[in-house]
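Student: Build me a model from this:
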Amino acid sequence: MRMVAAASAVLFLGGCVTTGGGATTRMIITEPAGAVLTIEGAGECETPCTVKLSGPQRARIAKAGFVATTVMLTPGRGDIVIPLELAAPSTDVDTTALPELD
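Tutor: Numbering: from 1, shown residues only. Below is the predicted model:
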C-alpha cells in the first residue's frame, strides 16, 4: 500500500471529483494512464483526471494487470503522479518458446 499526499474534496462531475467548499484542484496522473480512481463517498474517474479537495481524502486506484493501491489525497498545488506496479512483473523471456519468423 502506498500513501501519497494529494488533494481532498470530491463531487463526481465528468472527469472531476469534488468534496466540500474551499477546495483546491489537483490533477491525478497514473503511470500508465487509464486507471480508475475511486474516492470514498465522492465518486470515481479515469486517470488522468481532476479532483477538488478541501481536506484529506482516501482514494483507491485500480487498473487491470496492476496492483490496486490506496492513497491519501490532500489539498495542495501541482499534479500528483502515481506510478502503478505490475501485478506479475517478469524480465524473463523464454526465447525457445517463440516461433521462427521468416
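Student: Give me the longest strand you can find in the protein.
Tutor: strand 24-31 (DSSP state E).
Student: Can you give me the end-to-end span of stretch 69-86?
Tutor: 11 Å (CA to CA, to the nearest Å).
Student: please begin residue numbering at 2 from this point
Tutor: Noted, 2 is the first residue going forward, which turns the last one into stretch 70-87.
Student: for stretch 31-38, which positions count as buried?
Tutor: Residues of stretch 31-38 classed as buried by neighbour count (16 or more other CB atoms under 10 Å): Thr31, Ala36, Val37, Leu38. (Each C-beta comes from the backbone N, C-alpha and C, glycine too.)
Student: Output those residues as a markdown table; include the columns secondary structure.
Tutor: Shown next, in a markdown table, are the buried residues of stretch 31-38 (DSSP: H, G, I helix; E, B strand; the rest coil):
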| residue | secondary structure |
| --- | --- |
| Thr31 | strand |
| Ala36 | coil |
| Val37 | strand |
| Leu38 | strand |
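Student: Among these, which pair sits farthest apart?
Tutor: Using CB to CB, the pair of the buried residues of stretch 31-38 lying farthest apart is Thr31 and Val37, separated by 9.5 Å.
Student: Find residues that contact each of the two.
Tutor: By CB atoms under 8 Å, 6 or more residues apart in numbering, Thr31 and Val37 have these common neighbours: Thr48, Ile62, Lys64.
Student: who does the second one bridge with?
Tutor: In this structure, Ile62 bridges to Leu38, Thr70 when assessed by DSSP bridges.
Student: isn't it right up against Val82?
Tutor: No. Between Ile62 and Val82 there is no contact under CB atoms under 8 Å: 11.8 Å.
Student: Gly77 and Pro84, how far apart?
Tutor: With the distance defined as CB to CB, to the nearest Å, Gly77 ends up 19 Å from Pro84.
Student: Pretty sure Thr71 sits against Ala60.
Tutor: Yes. In this structure Thr71 lies within contact range of Ala60 using CB under 8 Å: 7.1 Å.
Student: Those two: which is more packed in?
Tutor: Counted by other CB atoms under 10 Å, Thr71 and Ala60 do not tie: Ala60 has more neighbours, with 26 against 15.
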